[in-house]
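*Asks:* Quick one: sequence and predicted model below, then my questions.
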Amino acid sequence: MTSSGRDSGRLLSALTNKERAAIVRNMAGLLLSREQDIVEANRLDIKNAQASGLEPQLLNRLKLTKPKLLDLNAGLNMIADSAESLLGRVLRRTKVASGLYLEQTTVPIGSLMVIFESRPDCLPQVASLAIASGNSLLLKGGKEADESNRMLHSIVQESLGAHGFEMRDAVTLVRSREEVADLMQLKDLIDLVIPRGSSDLVRSMQEMSKGIPVFLPSRRNM
């Protein structure tokens, strides 16, 4: 899973900024055209969560509505706009000798793993940011949103597949906690882990990581 995703990520990073932006725009459009499928998958998650006694606050985070999908569409289109000039941009240029310059430019990080809780709307947001920046991505969402995440991931793959079937693996959905624990050992294949959720989740990722940097988000971004 990880090696094929990394290979697909290299293909993704080789695209032009405009091509990556087009993938994100396509994804934004599919969120609206596939609204019925998304809402139906989400309805199953809501039903299962209610049966298991999930707290009302978490149920609200879990629920996907038309206004949420419209907000996602607008947000992804903004990301697509920024993607058109995101990579290869020169941030700093210093002359070190006659005819010799040192440049600092924007480049992909490589292979990312993002773990998030409950909110399925995180999936297209994070996927679009990874695609725009030319990074391959492993995603693990909360089990409460399993059906929603599968549907949203299929939309991400459909958007990537427009540039070749082999591109679809650039964003991969991790199914279980056991897989996460195994992946956290692969420091040669994963470059950065980003947990989005509770402090317990962040602490757990730090403890599991075997040499992979874990990004610590500010509380307001969790």
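*Replies:* Structure's in. What do you need? Numbering: from 1, shown residues only.

*Asks:* Could you identify the longest strand within the chain?
*Replies:* In terms of residue count, the longest strand belonging to the chain (DSSP state E) is strand 90-97.

*Asks:* next SSE after that strand?
*Replies:* strand 100-105 (DSSP states H and E).

*Asks:* Listing request: residues of the chain with sub-threshold pLDDT.
*Replies:* Within the chain, the ranges that satisfy pLDDT under 70 run 1-2, 217-222.

*Asks:* Report the separation between the residue lying farthest from the centre of the chain and residue 92.
*Replies:* Seen from the C-alpha centroid of the chain, the residue lying at the greatest distance (CA atoms, centre = their mean) is residue 98, 43.0 Å away. For residue 98, the distance to residue 92 equals 19 Å [CB to CB, to the nearest Å]. No exception for glycine: its C-beta is placed from N, CA and C like everyone else's.

*Asks:* Spell out the residue ranges of the strands in this protein.
*Replies:* 90-97, 100-105, 111-116, 136-140, 171-173, 192-196.

*Asks:* CSV please, covering those strands and showing distance to residue 32.
*Replies:* Shown next, in CSV, are these (distance: least, CB to CB, whole Å):
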stretch, distance to residue 32
strand 90-97, 35
strand 100-105, 35
strand 111-116, 22
strand 136-140, 21
strand 171-173, 20
strand 192-196, 24
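
*Asks:* Mind putting the ones you listed into a markdown table with mean neighbour count and distance to residue 213?
*Replies:* Listed next are the strands of the chain as a markdown table, based on neighbours: other CB atoms under 10 Å; distance: least, CB to CB, whole Å:
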| stretch | mean neighbour count | distance to residue 213 |
| --- | --- | --- |
| strand 90-97 | 9 | 21 |
| strand 100-105 | 10 | 20 |
| strand 111-116 | 24 | 11 |
| strand 136-140 | 24 | 15 |
| strand 171-173 | 24 | 20 |
| strand 192-196 | 20 | 5 |
